[in-house]
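Chemist: Attaching a predicted model along with its sequence, questions to come.
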Amino acid sequence: MLIAQISDTHILAPDSDHAAAQSRADGLRRCVADINRQHPDAVIFTGDTVQHGDPDEYARLRALLAPLEAPLYLIPGNRDDKAVLRTAFADKSYLPGAGDFLHYTVEGHDVRLVALDSTLSGERQGVFCPARIAWLDAVLSAQPNRPTLLFIHHPPFDIDDHYIGGYGESADAAALTDVVSRHAQVARLLCGHVHCLVERDWAGTKASVMPSIAVDVRRSGGGTEAHDDPLYMLHRVSEGAGVASQAMRVVAD
Ligand SMILES: [Fe+2]
C-alpha cells in the first residue's frame, strides 16, 4: 500500500495580504499534481491545514485539494478550527459529526489507519489527555493483528532544544507511549507540526515527522518560507518489509 502525506500547509485566504499567501497555495497545488502522478492508495494530511481557521481559508484549501484522485484523510493541527474544518469537509464521513475529538479509524485499506486528534482549542501544544489515550487503547485493542499506521499532528515527544515539545515530564505523553508500546501492530507513527524532517525510535515502533510545505524551520533558528521546492512524503507499506518512507521534492511545475 502506498500512502502520501501532506502536512502544515498553513493556507491563507485569497485576499490575505500575507506575503506567502500565493506561494503556499502554489506549493500545495504542485504537491497535489505530483501526488496524483504517484497513484497512492490514500493521502493523509497531518494538520495545520490553514493559518487562522477561517472559512475562506478552508474554501481555498478545498479547491486546492479537489484534484486529488486518492481518498484524503485529514486531522486537525493547532492552527485548525475544528468546527470550521468539520463544516468545510462535511462530506468526509470518517470525521465524527459531534464530540470534542476529530479522531477516527479507516478500515477499508490493506493497512489500518488510526488518526488521533491531539488538539485543544487555544493550545499550541499537543494534548494527550486520558480520554484520548483510552480511545486509542480501545481501537488498537480491537484489531491487534492488522498492520496499523498511527497519525497525530503533534509528535508526542521532545525533539531538541530548538523545538521542545515540553513532554519530557508529561504523564499524559508517557501514557500514550505506554499504550502504543503494548500494541505491536503499530508499524509507524506519522506526524507534522514541527516543520522539519525527524525520525526516531518511539514506543517500540518508529516515528516520522515531516517538513512543511509552507515554512522551513532549521536549527539555526527561526523559520523561512520554503516553497520553491515543496515537499510531501510517500510511505510504502509492504508485508514483511515494514514501512519505507521517501521525501518527495516537487521541483518542476
Ligand atoms: Fe502545529
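Modeler: Sure thing, it's come through. If you're wondering where the values come from, they're calculated on a predicted model, not measured in any experiment.
Chemist: quick one: contacts of whichever strand or helix holds residue 44?
Modeler: Here residue 44 sits within strand 42-45, counting by DSSP states H and E. Residues from elsewhere that reach strand 42-45 (C-beta atoms under 8 Å, 6 or more residues apart in numbering): 1, 3-7, 35, 65, 68, 70-75, 106, 109, 113, 115, 149, 151, 190. C-betas here are computed from N, CA, C, even on glycine.
Chemist: Can you list the strands that it pairs with?
Modeler: The sheet places strand 42-45 alongside strand 2-6 (parallel), strand 72-74 (parallel), with pairing taken from DSSP bridges.
Chemist: who in the protein is up against the ion?
Modeler: Contact residues, the chain versus the ion (C-beta under 5 Å from the ion): 48, 77-78, 193.
Chemist: what about 6 Å?
Modeler: For the chain, the contact set with the ion under C-beta under 6 Å from the ion comprises 48, 77-79, 153, 193.
Chemist: For the nearest residue to residue 197 once chain neighbours are set aside, list the residues it contacts.
Modeler: Nearest non-adjacent residue to residue 197, counting by C-beta to C-beta, 6 or more residues apart in numbering: residue 211, 5.2 Å away. Residues near residue 211 by C-beta under 8 Å, 6+ apart: 7-8, 195-197, 226, 231, 247.
Chemist: And those residues, which of them are buried?
Modeler: 7-8, 195-196, 226, 231 (16 or more other C-beta atoms under 10 Å).
Chemist: Switch these over to TSV, and while doing so, append pLDDT and secondary structure to every line.
Modeler: Converted to TSV, the buried ones among the contacts of residue 211 look like this (pLDDT from 0 to 100; DSSP: H, G, I helix; E, B strand; the rest coil):
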residue	pLDDT	secondary structure
7	96	coil
8	95	coil
195	87	coil
196	85	coil
226	58	coil
231	90	strand
